[in-house]
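Colleague: Need coordinates for the below:
(chains A and B, ligands or ions: 2)
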2 protein chains.
Amino acid sequence: MQIQFLGTGAGMPSKQRNTTATALKLLDERGTFWMFDCGEATQHQILHTTLKPRKLEKLFLTHLHGDHIYGIPGLLSSRSFLGGGEPLTIYGPKGIKAWIDLTLSTSSTYLQYPLTVIEIEDGIIFEDNEFIVEAKLLEHVIPCFGYKVTQKPLPKELLIEKTDALGVPRGPLLKQLKEGHDVELEDGRIVTSEEVTGEQKNGFQVTILGDTRFCENSIKLSLGADIVVHEATFDQTTAELARQYGHSTIIDAATVCEQAGAKHLIVNHISARFLPSHIKEMVHQVAHFDFPVYVADDFSEFDWTNGVLKQIN
Amino acid sequence: MQIQFLGTGAGMPSKQRNTTATALKLLDERGTFWMFDCGEATQHQILHTTLKPRKLEKLFLTHLHGDHIYGIPGLLSSRSFLGGGEPLTIYGPKGIKAWIDLTLSTSSTYLQYPLTVIEIEDGIIFEDNEFIVEAKLLEHVIPCFGYKVTQKPLPKELLIEKTDALGVPRGPLLKQLKEGHDVELEDGRIVTSEEVTGEQKNGFQVTILGDTRFCENSIKLSLGADIVVHEATFDQTTAELARQYGHSTIIDAATVCEQAGAKHLIVNHISARFLPSHIKEMVHQVAHFDFPVYVADDFSEFDWTNGVLKQIN
Ligand SMILES: [Zn+2]
Ligand SMILES: [Zn+2]
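Modeller: Ligands and ions are numbered 1, 2, ... in the order given. Down below sits the predicted model:
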């Protein structure tokens, strides 16, 4: 799994940062990527990555402010033009469906793939054999959701040298053992799943929050997360503005992580008032927290392998 | 007057060409600029020019395909955020108003300036003391307008050395002479406007056409124009596709200019199939026409001064 930031600015594009979009790359896990928010020109940003629009499987929207949704129409139509026939599902607050419908019909855009738009409320909004996605309302000036993506525990590995040693015949019994069932051999011996399978491997938990002031639901969604992506529109010196506009400082973001016992923090949605030279100072403000904090730039990419987070771009 | 191309591609953005937007810079004439079409990320393109969104006075839309309108919402809200209080008027086909209204309300965007959206039909759609804008329906797969911008003849210059020589007193008589009226002096002599004013200077005529196949109305709108901006999505080798998709070849564009007696042709809306290396070949296909033909790139800029067109970027 990798997380790549396609836009890390706030409100308006600047030469340094585009408006918000974050890709959760699940190419190894399911051959697709998911995206959180889609500011204007996200498809332009994608042109400079290895992401293929047809591999976009799910788009989760935190809220309906323009800097988080104005890139949707262009991405939807280019995905169609580029010949992706796979279905796409969009999850977002009430109002998104009517807007997408009118936008596509006004521009005479006919998508060559099935598009489903789901208007969500708090709770589990998606679950399959591999993943669960939970949404909770945060505290912004308009309804805004945060999302927690939980990868389910990975299937236990069957230790074939052990089943061989115990004389379990190759065939259907192995499948039962792998799936957690104990089996009886022809000679009457019992072989337990426990003794012939490897350790349970947990999946990852990634929490991606939208625009919000410091709030209880951010903490709930971040409980025990491996990675939290939290906005930091402001810093300590501009904390008053954060309160006023329904945003967070980088310290708010770190406090959420701390109280939730999360392991890594990546902040995005950085106000254009902070020039690249100021970022070091922002990071300094959270140096006393005892987990790593990264400030994402456009195209920053993080890899998560075997429980280790590494910035690879 | 200058014309700057902000996006010269067709259908989708590529690394070379953004989707359509063309700025008509009237900073000397009226302290503003006008724009024709506004594909996604036009505001991002503007970041790389000297254009200021608050100076955008009028936006003319040729048609409602996404590659011509998806940049509107972002530009409207950034223009507001950047503090332009001056009114803005958008002209476009039926359907544009409902989409802009729903887009702004869905994204809780409140503009800090008066926005007027006018759904047009064929005819003169704007006129003041200095300019006339005429629209005509072209032939595309959906309703698409072309526009002709006519600058009215410039006020004649009063030749003050001549009025002095004739003994016309400084004062209100001069104003009458400048405005074309003959006057009688106190001694009974008649001074005609004709003898004390310079030559009539014509304004310019610029025709900016939308997506279209070769058609009669393109020619009508281009009659006698100083500059015609015409799409050339295709070239001679792909002429069949042009017919099929309601587009033009570069030869279609040049033929329109020739039949209209227009003086300069600039083509835009170039398919991404044509790499930079192919552009020379496109120009070669129209070498036998006896007026200059330019293929616009993103950020190409042309200056029109005293009847002379010069590419300055
Ligand atoms: Zn935002
Ligand atoms: Zn087009």
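Colleague: Where does the residue of chain A positioned farthest from its centre sit, in terms of helix or strand?
Modeller: In terms of distance from the mean C-alpha position of chain A, residue A:187 ranks first, at 50.1 Å (CA atoms, centre = their mean). Using DSSP states H and E, residue A:187 sits in no helix or strand.
Colleague: Local confidence estimate at whatever residue of the stretch 151-300 of chain A ends up closest to chain B?
Modeller: Minimum separation of the stretch 151-300 of chain A from chain B (CB to the nearest CB) falls at residue A:272, amounting to 10.4 Å. Where C-beta positions appear, they are placed from N, C-alpha and C, glycine not excepted. The model reports residue A:272 with a pLDDT of 93.
Colleague: The closest residue to it other than its chain neighbours: what secondary structure?
Modeller: Once flanking residues are discounted, residue A:272 sits nearest to residue A:14: 4.4 Å by CB to CB, 6 or more residues apart in numbering or on different chains. Put simply, residue A:14 is coil when judged by DSSP: H, G, I helix; E, B strand; the rest coil.
Colleague: and what of the one 3 residues further on?
Modeller: Under the three-state scheme (three-state DSSP), residue A:17 adopts coil.
Colleague: circling back: separation between the residue of the stretch 151-300 of chain A closest to chain B and residue A:183?
Modeller: For residue A:272, the distance to residue A:183 equals 63 Å [CB to CB, to the nearest Å].
Colleague: Looking at those two, which is more packed in?
Modeller: Neighbour totals were compared for residue A:272 and residue A:183, and residue A:183 leads with 18 against 15 (other CB atoms under 10 Å in any protein chain shown).
Colleague: Smallest gap between chain A and ligand 2, at which residue?
Modeller: Residue nearest to ligand 2 within chain A (CB to the ion): residue A:107, separated by 10.4 Å.
Colleague: and that residue, backbone torsions?
Modeller: The phi and psi values for residue A:107, taken as degrees, to the nearest 10, are phi -100, psi 10.
Colleague: now the residue nearest to residue A:272: how far from residue B:123?
Modeller: 41 Å.
Colleague: Can I get stretch A:259-275 in CSV? Just the C-alpha atoms.
Modeller: Output in CSV follows, covering the C-alpha atoms of stretch A:259-275 (Å, rounded to 0.1, in the frame of the first residue of the first chain):
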residue,chain,number,x,y,z
GLN,A,259,-5.0,10.9,22.1
ALA,A,260,-5.9,8.2,19.6
GLY,A,261,-2.7,6.3,20.0
ALA,A,262,-2.0,6.5,16.3
LYS,A,263,1.4,5.7,15.0
HIS,A,264,2.2,8.1,12.2
LEU,A,265,0.9,11.5,11.2
ILE,A,266,0.9,13.1,7.7
VAL,A,267,-0.5,16.6,7.4
ASN,A,268,-1.9,18.1,4.3
HIS,A,269,-4.2,21.1,3.3
ILE,A,270,-1.5,23.6,4.0
SER,A,271,-2.5,27.3,3.6
ALA,A,272,-0.7,29.1,0.8
ARG,A,273,0.5,31.6,3.5
PHE,A,274,3.1,29.1,4.5
LEU,A,275,6.0,29.2,2.1
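Colleague: Which positions in that stretch come out as buried?
Modeller: A:260, A:262, A:263, A:264, A:265, A:266, A:267, A:268, A:269, A:270, A:271, A:274 (16 or more other CB atoms under 10 Å in any protein chain shown).
Colleague: and residue A:207, that's in a helix?
Modeller: No - Residue A:207 sits outside any helix when classified using three-state DSSP, being strand.
Colleague: Which residues are in contact with it?
Modeller: Counting by CB atoms under 8 Å, 6 or more residues apart in numbering or on different chains, residue A:207 makes contact with A:146, A:147, A:148, A:149, A:221, A:222, A:225, A:227, A:228, A:229, A:262.
Colleague: cool, and residue A:190?
Modeller: Each residue near residue A:190 by CB under 8 Å, 6+ apart is listed here: A:182, A:183, A:184.
Colleague: Just give me the neighbour total for the nearest residue to the second one once chain neighbours are set aside.
Modeller: Here the nearest residue to residue A:183 in space, its sequence neighbours aside, is residue A:173; by CB to CB, 6+ apart that works out to 4.8 Å. Other residues within reach of residue A:173 by the criterion other CB under 10 Å amount to 17.
Colleague: distance of residue A:173 from ligand 1?
Modeller: Separation of residue A:173 from ligand 1 (CB to the ion, to the nearest Å): 55 Å.
Colleague: still on that earlier bit, and the buried residues of stretch A:259-275, which two are the farthest apart?
Modeller: Distance extremes for those: the farthest pair is A:263 and A:271 at 26.3 Å, using CB to CB.
Colleague: returning to what we had before: did I read that right, the residue nearest to residue A:183 in a strand?
Modeller: No - if the criterion is three-state DSSP, then residue A:173 is helix and not within a strand.
Colleague: ok, now which ones touch the residue lying closest to residue A:94 once chain neighbours are set aside?
Modeller: Leaving aside its sequence neighbours, residue A:94 sits nearest to residue A:119 (CB to CB, 6+ apart; 4.8 Å). Listed by CB under 8 Å, 6+ apart, the contact set of residue A:119 reads A:92, A:93, A:94, A:95, A:96, A:97.
Colleague: From those residues, which land in helices?
Modeller: Here DSSP state H is the test, and the contacts of residue A:119 give A:96, A:97 as lying in helices.
Colleague: And the contacts of residue A:119, which of them are buried?
Modeller: Buried residues within these, defined by neighbour count using 16+ other CB under 10 Å: A:92, A:93, A:95, A:96.
Colleague: hang on, residue A:261 packs against residue A:220?
Modeller: No - counting by CB atoms under 8 Å, residue A:261 stays clear of residue A:220, with 11.8 Å between them.
Colleague: Identify the residues contacting the residue nearest to residue A:183.
Modeller: A:183, A:185, A:191.
Colleague: for residue A:110, same thing?
Modeller: The contact partners of residue A:110, taken as CB under 8 Å, 6+ apart, are A:80, A:104.
Colleague: wait, is it part of a helix?
Modeller: No - under three-state DSSP, residue A:110 falls outside any helix and is assigned coil.
Colleague: Can you pull the residues of chain A lying near chain B?
Modeller: Remark: the part of chain A in contact with chain B comprises A:11-15, A:18-19, A:40-41, A:43-44, A:47-48, A:64-66, A:69-71, A:73-74, A:77-78, A:81-82, A:95-96, A:98-99, A:102-103, A:106-109, A:141-142, using CB under 8 Å from any CB of the partner chain.
Colleague: at 6 Å what do you get?
Modeller: A:12-13, A:15, A:40-41, A:44, A:47, A:64-66, A:70, A:73-74, A:77-78, A:81, A:95, A:99, A:102, A:106-109, A:142 (CB under 6 Å from any CB of the partner chain).
Colleague: Before I go, just wanted to say thanks for your time.
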